[in-house]
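Q: Here's a sequence, model it:
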Amino acid sequence: MATDTRHLGVHIDRPVAQVYAFAADPANLPRWAPGLGGSVARVDGQWFVDTPEGRARLTFAPANEYGVLDHEVLTPAGETVYVPLRAIADGDATEVVFSLRRMPGMSDADFDRDTALVEGDLARLKAVLESAVG
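A: Here you go, the predicted model:
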């Protein structure tokens, strides 16, 4: 169970439908969240990512009109990590909010490291989407 949560966000100058469609597609993860893993594959209807620790399974929330991009990561060690992620309309733009949860026993240094990694991923998401035409 998480003991602390940091809500990390980024403002993207693109419509929420565009941001949601891109971020909801696990095949796009290597473009904006390379720390999770460099290779994503769909096998028998399930998504997998190759991480430094081994293959992890990704399960995303069903497609929805509310911008919910929550997903679960089943780690190679067998732990399930729930990741709350939202795309929220802000006029013609979008705010993306990632809720980073500190896991029990996680040190301050590790929590700060994970925070920096997520902030980097969100910055890449912004850069990729804002550099896209249209």
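
Q: low-scoring pLDDT stretches of the protein, where are they?
A: Low-confidence segments of the chain, defined by pLDDT under 70, are located at 1-2, 133-134.

Q: what about the strands in it?
A: Under the criterion DSSP state E, strands of the chain are mapped to 4-12, 39-43, 46-51, 54-60, 71-74, 80-83, 85-90, 93-102.

Q: got the angle for the longest one vs strand 4-12?
A: Going back to what we said before, that points to strand 93-102. Between the axes of strand 93-102 and strand 4-12, defined by axes from the mean of the first three to the mean of the last three CA atoms, to 10 degrees, the angle is 160 degrees.

Q: Output the contacting helices and strands for strand 93-102.
A: Applying 3 or more CB pairs under 8 Å, 6 or more residues apart in numbering; DSSP states H and E, one finds that strand 93-102 contacts strand 4-12, helix 16-23, strand 80-83, strand 85-90, helix 108-131. For glycine as for every other residue, the C-beta is placed from the backbone atoms N, C-alpha and C.

Q: Show the contacting residues for the residue positioned nearest the centre of the chain.
A: Nearest to the mean C-alpha position of the chain, counting by CA atoms, centre = their mean, stands residue 85 at 6.4 Å. When contacts are counted by CB atoms under 8 Å, 6 or more residues apart in numbering, residue 85 is found next to 23, 68-71, 96-99.
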